[in-house]
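J.: The following comprises the amino acid sequence and a computationally predicted model.
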Amino acid sequence: MSFRGKRKDEEDHVSDENEGHAPPKKASKTSAAADSDDSDDIVVCEISRNRRVSVRNWNGKIWIDIREFYLKDGKQLPGKKGIALSLDQWNVLRDHVEEIDKALAENS
């Protein structure tokens, strides 16, 4: 039996079970983010109107979060664009700030 035939049979079987019923609603990622407790977030600075640097405690670990935010229903919500650095990663970046500044000066 081919894979296509098996898949078609499974689809027919599933559609018979759900006939006349709406599919269950999926929980949206945004609602989960809106419901979370943001009391552990410390906004260190706003880089621009929609970009922030914050320190947060997530899953028992401390993260330095550099992220873009967007406005939805009057609330600022974190977007996908950004990076969360562990303390080890942050320390490596911090230790190389002078080298980064030097490279910037050379390329300016």
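T.: Good, I have the coordinates.
J.: all strands for the protein, in order.
T.: Along the chain, counting by DSSP state E, strands occupy 42-48, 51-58, 61-72, 75-86.
J.: And these: which comes nearest Ala105?
T.: Closest to Ala105 of the strands of the chain is strand 42-48 (C-beta to C-beta; 20.5 Å). Every residue, glycine included, has its C-beta placed from N, CA and C.
J.: what mean pLDDT does the closest one have?
T.: Averaged across strand 42-48, pLDDT comes to 90.
J.: Same question for stretch 59-69.
T.: Mean pLDDT, stretch 59-69: 94.
J.: Can I get that stretch in CSV, CA atoms only?
T.: Extracted in CSV, the C-alpha atoms of stretch 59-69 (Å, rounded to 0.1, in the frame of the first residue of the first chain):
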residue,chain,number,x,y,z
ASN,A,59,12.3,28.9,34.1
GLY,A,60,14.5,29.6,37.1
LYS,A,61,17.3,31.2,35.0
ILE,A,62,18.2,34.9,34.6
TRP,A,63,18.2,36.2,31.0
ILE,A,64,19.2,39.5,29.4
ASP,A,65,16.5,40.0,26.7
ILE,A,66,17.0,42.4,23.8
ARG,A,67,13.7,42.4,22.0
GLU,A,68,11.3,44.3,19.7
PHE,A,69,7.8,44.9,21.0
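J.: List the contacts of it.
T.: Stretch 59-69 is contacted from outside by 47, 50-57, 76-79, 81-87, 89-90, using C-beta atoms under 8 Å, 6 or more residues apart in numbering.
J.: Narrow those residues to just the buried residues.
T.: Neighbour-count burial (16 or more other C-beta atoms under 10 Å) applied to the contacts of stretch 59-69 gives 52, 54, 56, 78, 84-85.
J.: which stretches of the protein have low pLDDT?
T.: Applying pLDDT under 70 to the chain picks out residues 1-39.
J.: Not counting its neighbours along the chain, what's nearest Phe69?
T.: Nearest in space to Phe69, with sequence neighbours left out and distances taken as C-beta to C-beta, 6 or more residues apart in numbering, is Gln76 at 4.7 Å.
J.: thinking again about what came up before, how about the buried ones among the contacts of stretch 59-69, which pair is most distant?
T.: Using C-beta to C-beta, the two most remote members of the buried ones among the contacts of stretch 59-69 are Pro78 and Leu85, lying 14.9 Å apart.
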